[in-house]
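**Q** turn this into a structure:
(chains A and B)
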Amino acid sequence: MLRLPKFSVLHPSSVAEAMQQMEDSQGQGRFLAGGTDLHPNMKHRLLEPKQLIALAGIEELHGISFADDGSCRIGAMTSLHEVATHPRLQSSYPALCQAAGLVSGPQLRHMGTLGGNVMLDTRCQWYNQSYFWRQALGFCMKKDGSKCHVVEGGSKCVAAASNDTAPALMTLQAELEWAQANGQSRMPIANLWQADGIWNKKVAPKELLVAIHLPAPSAHHFGAYGKLRDRGSIDFPLFGLAVTLDCNTDKTILSAGLCAVALQARPWPLKKAEALLVGTRLGDESFLAAVEQVAALASKQCRPMPNIPGDHEYRQAMVPVYTRHTLFAAAENRGPVHLL
Amino acid sequence: MAARDQHGVDAPWDQGFRVVGKENRKVDGLAKATGEAIYTDDIQLPGMLHAKMLRSPHAHARVLSVNTSKAEALSGVMAILVGAELPIRYGVIPWTPDEHALAVDKVRFIGDEVAAVAAVDEDTALEALNLIEVEYEVLPAILEPEQALTTPEPAIHEDRKRQDNISKHVELAFGDVDQQAQDADIVVEEDYCFHSTTHTAIEPHCAVAQANSDGRLTLWSSTQITHYVHRALARVLELDPARIRVIQPCLGGGFGGKSDPFSLEFVVAKLALKTGRPVKMLWTREEVFYAHRGRHAMQMHYRTSAKKDGTITGVDAKILIDGGSYSSFGLVTTYYSGQLLTGPYTFPSYRFDSTRVFTNKPPCGPKRGHGSVQPRFAFEVQLDEIAHRLRIDPIEIRRKNFVGEHTHTVNGQRITSNGFLQCLDAVEEATDWKNCYGKMPFGQGLGVAGSMYISGTNYPVYPNKMPQAGVQLKLDRSGLVTVFTGGNDIGQGSNSMVAYLVAEELGLLPQHIRVVAADTDLCPVDLGAYSSRVTFMVGNAAIDGARKLRKQLVSAVAEHWQVDAKDVRFIEGTVVDLSDASRSMSHVEAFHLAEEMFDTLGSTGAYNTPTLGGDYRGGTIGASPAYSFTAHAAEVEVHTETGRIEVKKIWVAHDCGRALNPIIVRGQMEGSTYMGAAEVVLENHFLNRFGLHAGPSLLDYRIPTSMDVPEIEAHIVESIDPEGPFGAKEAGEGPLHSAIPAIANAVFDAVGIRLRHLPFSPAKVLAALHAQKELV
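**A** Numbering: from 1, shown residues only, chains lettered A, B, ... in the order given. Sure thing, here's the model as predicted:
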C-alpha cells in the first residue's frame, strides 16, 4: 500500500487552540477534517504537511442548528452523512442534502465532512496520481512542475472543482464562517472562489472554516442536484449541477439558482440561465420552454475540459441532459438526478 | 497407470452422495470471515526487512548505468539489488524466457522493474529508491499493435531469432474455408475489438523470503502456481530446487493475475540470501496495475459463412493481439484465440490467423477465460448478425449448429459430455424468451450467447510425462485425514473441493478432513490454479488416493466383523454392518483396525490426462479432457438520452458436469458473469498517449460497486462427465465468456445498433444511435 509521509497530529479541543497550533506550525500545518481526501493526497505526495491539526475533537465545529428565523448553521465538521440524512435539512435545502448524499460512498460520507467538502482540493487526471506516475509523465504546474498537460502551453492550472456540495451551497447563498485570530468573519460562499486550479480559494488553507450558514428557505423552495458519474457510487462528479427555485404560492418562480461543478477551477454559477427561469410557473408551458432555453444556454456556458477522467466531449453532451432533468426534478420535488 | 484411471461418476457408497452436491461450508470460510486467515502480508518474521522496487519512468529505454552508492550509504538500507545480479531470464512458458527480475539491459514499459532496496522499514527503502541514479537512453516507444506489426525496429526484444516485434504467429486451417464462403448463402464479415482489462484481485501481490543458515530458502508468495514459481526460482537463483520451499498462504483472489512468476519473488529471495534476514515486498495497487498480465486487447476480423437455414459452413478469423512488453503466456494466448472457438457449434471449415505483437505497455497474460473471451465475443455477435439477417431466432440458430456430445470438433478436440442444449433451454425458459425477445419496447432488449471452455488441458507447460496432479493422504489415529495437495486454493474453493471428495469417498464428513495445500516441501506437485484445471485434475487425484485407503479400511473392518466387504459401510463417520444392524463403530476405531492390519496408513493419488488433441503442431494446446458449456441471456435497457447501457438482469446456465457444491458453483457463475458484464460497460485498462496507465487505482479503474451490478440468476446444468471427478467439470472461467456478447446482442434487440467495439461507453452508444438516425 502507498505510504503516508511522516507527520505528527495534534488534537485541539477548541477553535482558539487549533488556530494557535496552526500559527505555531509556521506554514507546515494543515487542518484535518474527515481526511478522506487529505490522506490519499498525502500518499500521492500532493500535500506534505508536517503537522496535522485534527478538528474532530472540537465540539463547536459539530452539529446542525436552526435559529428562530429558520436560518441554519451547520458546523464545518458535521459529516456528509448527517447532512444528507437530516430530516429538516432535507425539507429545507433539498439540493444540499442530495449533493451531500451523492458524495463518494457510505463509508466515506460518514468520515467526510461538509467543511472538508467545501475545502476540497481541485482534481485533475494528471495531478491525482502517485509521485512515481507524475514523475514519469513530467510534473505539472499544480505540484512539482511548470507544465500543463490539459492545455498544452497553458499558463493557468485548470484542475476542476470537484466538490458536490459547493454548487448547492452557492445556489443557497450560503455564508461561510471563518475563525480569525481576533474573532470571526463571515463571507458569502460566492466570494470564496478564484479561477486558479492550484488553489481555487481566496482563503488560505491555514484559515479555519468553522460553520456554514444557510439563510431561511422561502416558503415555496425547491431544489435538486444532478451528478454525472460512471458508477452508482464512489466517483467524483464528471459534471454536477445544483438547482434551487424559490416560488410564490402559485409556483411562479421568484428567484432561481443554478450552479455547476467539475468543469474548471471554480464552481460555475449560471446567472443568465437563472434569469430565464424567473417569472415562469412550475409545470406550465412557460417553465417547459424556459427549461429548454436554460439547457441550451448551459451547454454554451459549461465547457468541460479534459482535466478530470472521462471523455470531455461526452461530458459536454451531458450538460443539457443533466440540466433539463435536474430542473424537472427540482420542480417536482424529486432528485437526486444521477445514472440517467 | 493410476494417474489415468477412471473412477466413475457414481456415488462411492451405494446410497447416493452424502457430501457431494450439498451446500457445505467452505473449509476456510470462517477463517476468512473472521479475519483469522493468514495472507502473505500477514507474515511477520523476526528481523524481517522490507523491500521496494525502483521502476522505469520510460516506456522504452536502454539502461546505461545504475549507481546505487548514495542509496547504499543511507542509514537503514541493508541491501540493494540490480539486474546484473539476477542475469538469468525466465518466463512461465519455457520456450519464451524473456523476463529479468530487474532490468539488465533495457526497460520495456513504464513501471518495468530496475532495482530493489531492502531496508529496516518501507519508508527507508522508499527514501533509498530516490537516491539510486539510473542513466537511460530513451528509445522510441511502440504503443499501438499495428505499429508493432509494421515496425521491426526498434525491436522491443533484441536477442530473439526474429528481428521484429512479433511475439507469436499461429495460422491453422481446417477444411476449405474460402470455398465454403463462395458456396454460402450468406457471408457476414466484420471487424470487432476487445480492449484490455485487468484482474483487480483485492489482495495485491506480496512475497516474503527467508534464507536459513542451513542453506534452505523459503518463499511465501501470493501465487496461484507454486510449482512454476519453485522451478523459476531454482533457475534464476541457480539453486538446487530441493533447497527451495515455496508456500502459498491464503490468497485474496487471482483470476489469472498471479499465474506468472513475478519479479518480486526473485527479488525478495535474492535479498534474503544477500542479507541473511527475512525480506518482504508488498506491491501497491499501482504496482499491481503495472504487473498486469490482464486480458489481451484484440482486433479481430471475422468472416462467417452459412446456409439459408442457418447452418454455419465456415469461420475465418484474423486476429491482432496486443501482448504488451513480455511473452508471459502469450504463446498459449495466441493458440487459444483460435483453438477454443470450435464449440459448442460445429462447422466444417475453420481458419484462424493470430498474431501477437510486443508493445511498450504492461505485459498481458491470462485473465479468466484466457485468450478465448475476446474471439467468443466477436463470433457470438457475428452469429447474432447472421440469425438476424436470416430471420432465425438467435437461440434456434445456436441449437441448429450444436456440435453434439461425445464427438470431435473441426480442429480435432475431443468433446465428451455436453449440456449446452440444456443451457439454452434453461435461459430460454427463465427469460420467457419466446414472449419477450424482439417484443420489448424500444430501449429494452434481450440477447443470448453461448460458449465453451476447458477443464484444464493436456499441455503441461513444460514437457514431461509425470502426472499433472498429485495428492497424498495420511490417516491419523485421531480419526483425522490429512490431504496434501499441490493445488492452489485462490478463493475458488479447491481445498474445500478436495475435502468434500475425500470425505465422500471415505464415508466421512468434511470436518474429518484437513487439507494442507500449496507447500512444495509437503505437498505432491500440482501444476497450479490456471486453465480451470484444479477441480478436474486434483479432484480425480483425490478420489484416486482416497479409493485406495477406502479398500484398506473396509477390508480391516470386514475382517474384524467377519463379514463381506460389501456389508461394511462408512456413513458420515460411523461404520455400520449391513448384515447386522445392531453392529457399528466409529471411523476412528476403523482407522485403528486398519493400522493394525496394514501398518501406518497413507496413500497417494494422481491424475494425468488421456492423450488428446489434433495431430498437428499446436494440436494439444486447448485440448481438454472435458469442456464446460455456458449460455447467457442478458436483459438491458439502453438509455437513449445518455447512451448508458443498464444491464438489468443476466441469466446464466452453465454445464459444470456435476456440481460438487452447488453454492460454490453458483458463486463462480455469478462472479464470472459480473466480471464479464463489467468488461462491457465499465472496465478499461487504458494506456494514455505517454504509455502511462491512465488511472492505476481502484478509484479510476472502474470496477462495479454493489450499485452497478445486475441481478443474476444462475442455473446449474449437470451433464455428468464420464471422466470428471464424480462427473464434475470446470465452473470458474466458462461462465464469463458469453455474458459479454449476450449484452451486445441485447443492445441490438433494444435499440437496433450493432456494437462491435468494446468497451461500450455511453459516448460510443450515443454516436451509434446518432449514426442510426442519420441512416433512417
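**Q** what sits against residue 251?
**A** No chain was given, so I picked chain A. A:220, A:281, A:282, A:283 (C-beta atoms under 8 Å, 6 or more residues apart in numbering or on different chains). No exception for glycine: its C-beta is placed from N, CA and C like everyone else's.
**Q** wrong one, chain B
**A** Contacts of residue B:251 by C-beta under 8 Å, 6+ apart are B:39, B:203, B:222, B:223, B:224, B:258, B:488, B:489, B:490, B:491.
**Q** of those, closest to chain A?
**A** Ranked by distance to chain A (C-beta to the nearest C-beta), these are led by residue B:203 at 11.3 Å.
**Q** so the closest one makes contact with residue B:42?
**A** No - if you go by C-beta atoms under 8 Å, residue B:203 and residue B:42 don't touch, sitting 10.6 Å apart.
**Q** neighbour-wise, which of these two wins?
**A** More neighbours surround residue B:203 than the other of residue B:203 and residue B:42, with 19 against 14 (other C-beta atoms under 10 Å in any protein chain shown).
**Q** what about the nearest residue to residue A:48 once chain neighbours are set aside, how many residues nearby?
**A** Nearest residue to residue A:48 in three dimensions, chain neighbours excluded: residue A:5, at 5.0 Å (C-beta to C-beta, 6 or more residues apart in numbering or on different chains). Residue A:5 has 14 neighbours, counted by other C-beta under 10 Å.
**Q** wait, residue A:5 sits on residue A:44?
**A** No - using C-beta under 8 Å, residue A:5 is not in contact with residue A:44, being 10.1 Å away.
**Q** how about the residues of chain B that lie near chain A?
**A** For chain B, the contact set with chain A under C-beta under 8 Å from any C-beta of the partner chain comprises B:55, B:57-58, B:110, B:122-123, B:126, B:204, B:282, B:284-286, B:639, B:641-644, B:646, B:682, B:690, B:692-696, B:699-700, B:702, B:704-708, B:761-763, B:766.
**Q** for stretch A:231-245, output the C-alpha coordinates as PDB.
**A** Taking Å, rounded to 0.1, in the frame of the first residue of the first chain, the C-alpha atoms of stretch A:231-245 are listed here in PDB:
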ATOM      1  CA  ARG A 231     -20.800   4.300 -11.300                       C
ATOM      2  CA  GLY A 232     -23.700   4.400  -8.900                       C
ATOM      3  CA  SER A 233     -21.300   5.300  -6.000                       C
ATOM      4  CA  ILE A 234     -17.800   6.300  -5.100                       C
ATOM      5  CA  ASP A 235     -16.900   8.500  -8.100                       C
ATOM      6  CA  PHE A 236     -16.200  12.200  -8.100                       C
ATOM      7  CA  PRO A 237     -18.500  14.200 -10.400                       C
ATOM      8  CA  LEU A 238     -17.900  14.300 -14.100                       C
ATOM      9  CA  PHE A 239     -20.400  17.100 -14.100                       C
ATOM     10  CA  GLY A 240     -22.600  18.300 -11.300                       C
ATOM     11  CA  LEU A 241     -25.400  20.800 -11.300                       C
ATOM     12  CA  ALA A 242     -27.400  22.200  -8.300                       C
ATOM     13  CA  VAL A 243     -30.700  23.900  -8.900                       C
ATOM     14  CA  THR A 244     -32.800  25.900  -6.400                       C
ATOM     15  CA  LEU A 245     -36.100  27.500  -7.200                       C
END
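**Q** does that stretch reach chain B?
**A** Yes - using C-beta under 8 Å from any C-beta, stretch A:231-245 reaches chain B at A:231, A:232, A:233, A:234, A:235.
**Q** that'll do, ta.
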